[in-house]
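Asks: sequence unavailable; structure follows:
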């Protein structure tokens, strides 16, 4: 899990579940060796969108599973990492109202179910009883009020993860997400890939809402569990 803390100049902290926190590291995740938009020799891109650098993650590994979380300025690779899993400060304020108010910061997650290259897939991990959960706090106070989202099975909230292997983003096109090869639903990509990554905002539908107000200063905690 990761924890994100925001203040008026917002601050975020990230935390990993116990079995992952014991071996916690910081830096790039082991995937992201090529994102389908750049040559595979370019090791610095993630599998969602374009131009997202593979860096500044808090990372935990347990067996074949690697979890990564980070926060960064929206539309930027600036993370403002403070050490100890803390990210910030980030500005408080409303940064968009197309669907809901947007925070000035996004949180990114990376899930790899075959970090050792033994041939496992995301669908195989779920079939074996391993499940993943993102807990997103929308309470700016010292307390927590978590919205729980399954990044694979909660299709009303997450249907555009970027998928791939340890070496390259998928080039398959999900009919439900045309124009974005390698990005879409778990049903299309889960059985043939072992890496899923995405970037989210508490203002996106189903994450911090209802209840999230980006104009309020505070501390927010985000957890990624397996």
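Replies: Received the coordinates, thanks. Predicted, not measured: the structure shown is a model, and the values here were computed from it.
Asks: any weak-confidence spans in the chain?
Replies: The chain contains residues with pLDDT under 70 at 1-27, 30-44, 97-100, 208-209.
Asks: need the residue closest to the centroid of it.
Replies: residue 109 (1.7 Å; CA atoms, centre = their mean).
Asks: and that one, which of the three is it?
Replies: Three-state assignment for residue 109 (DSSP: H, G, I helix; E, B strand; the rest coil): strand.
Asks: that one and residue 94, how far apart?
Replies: Going from residue 109 to residue 94 by CB to CB, to the nearest Å gives 24 Å. Any C-beta I mention is one placed from the backbone N, CA and C, and that applies to glycine too.
Asks: cool, residue 206 as well?
Replies: 19 Å.
Asks: try residue 159
Replies: Distance of residue 159 to residue 94, given as CB to CB: 25 Å.
Asks: just the strands from this protein, written as ranges.
Replies: Assigned by DSSP state E, the strands in the chain fall at 9-16, 25-27, 57-62, 65-73, 81-83, 86-91, 105-112, 133-137, 146-149, 161-164, 183-184, 195-200, 219-225.
Asks: pairing partners for the fourth one, with directions?
Replies: Applying DSSP bridges, strand 65-73 is found paired with strand 57-62 (antiparallel), strand 105-112 (antiparallel).
Asks: can you say which of those is packed in most?
Replies: Compared across the strands paired with strand 65-73, strand 105-112 shows the largest average neighbour count, a mean of 25 (mean count of other CB atoms under 10 Å).
Asks: and the angle from that one to strand 133-137?
Replies: Interaxial angle, strand 105-112 versus strand 133-137 (axes from the mean of the first three to the mean of the last three CA atoms, to 10 degrees): 160 degrees.
Asks: that concludes my questions; thank you for your assistance.
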